[in-house]
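>>> Test case, fold it:
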Amino acid sequence: MNIQVAAEGIVMVLRASGRIDSMNAPQLGESFNEHITAGHTHLVLDLSAVDYMSSAGLRELVNALKKLKRVAGDLRIAQPSKRVREVMEMAGLDTIFLIFDTSAEAVESF
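Okay, the predicted model is just below:
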C-alpha cells in the first residue's frame, strides 16, 4: 500500500493504492493520526486505487472516524472499488461513512 497526501483547501485528501490488509493497515492508521494530531479535521480517503481492504483496514477507518468526531471533524470516503464498497456494506460501514463517487465531490461536501 502507498499513501499520497494532498491539501485541497481545508481538506486533506489521502489517496491510498494497492491492498490494505493486516500487514499494512497500521500504516494507514499512522497517517490518519499524523493529520489529526496536526489539527486537520476534514479528511477524505480516496480508495479508487485500492483493490482489496481487509477487516484490519476497516478498523483503521473506524478508529480515525472516532478520533475525528471527538474534535468535530469527519472522514469521508471517495471512489471505493466495487469490491471495497461491498466489504464496507457487509460490515455496515456504509451507514456511518459518507461515500462519494469522486474525490472532488467528497472535498466539496465539507
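
>>> From here on, just use CA atoms for contacts and neighbour counts.
Fine.

>>> Can you name the element that comes right after the longest strand along the chain?
Under DSSP state E, the strand in the chain containing the largest number of residues is strand 42-53. Using DSSP states H and E, the helix or strand that follows strand 42-53 in sequence is helix 55-70.

>>> can you list contacts of that following helix?
Contact with helix 55-70 is made by 20-22, 25-26, 28-29, 32-33, 36, 41, 74-75, 88, as judged by CA atoms under 8 Å, 6 or more residues apart in numbering.

>>> what about 10 Å?
19-33, 36-37, 39-43, 45, 72-77, 84, 87-88, 91, 93, 96-97 (CA atoms under 10 Å, 6 or more residues apart in numbering).

>>> Give me the subset of those residues lying in strands.
Filtering the contacts of helix 55-70 for strands - DSSP E - leaves 19, 20, 42, 43, 45, 74, 75, 76, 77.

>>> Output these in a markdown table, with neighbour count appended to each entry.
Shown next, in a markdown table, are those (neighbours: other CA atoms under 10 Å):
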| residue | neighbour count |
| --- | --- |
| 19 | 18 |
| 20 | 23 |
| 42 | 20 |
| 43 | 27 |
| 45 | 24 |
| 74 | 20 |
| 75 | 28 |
| 76 | 23 |
| 77 | 25 |
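
>>> what would the residues you listed look like in a markdown table with pLDDT?
Output for the ones in strands among the contacts of helix 55-70, formatted as a markdown table (pLDDT from 0 to 100):
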| residue | pLDDT |
| --- | --- |
| 19 | 96 |
| 20 | 97 |
| 42 | 98 |
| 43 | 98 |
| 45 | 98 |
| 74 | 97 |
| 75 | 98 |
| 76 | 98 |
| 77 | 98 |
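
>>> out of those residues, which one sits closest to residue 4?
Proximity of those to residue 4, judged by CA to CA, is greatest for residue 45, which lies at 10.1 Å.

>>> can I assume the closest one is in contact with residue 15?
Yes: under the criterion of CA atoms under 10 Å, residue 45 makes contact with residue 15 at 6.0 Å.

>>> what do the two both touch?
The overlap between the contact sets of residue 45 and residue 15 (CA under 10 Å, 6+ apart) consists of 3, 5, 78, 103.
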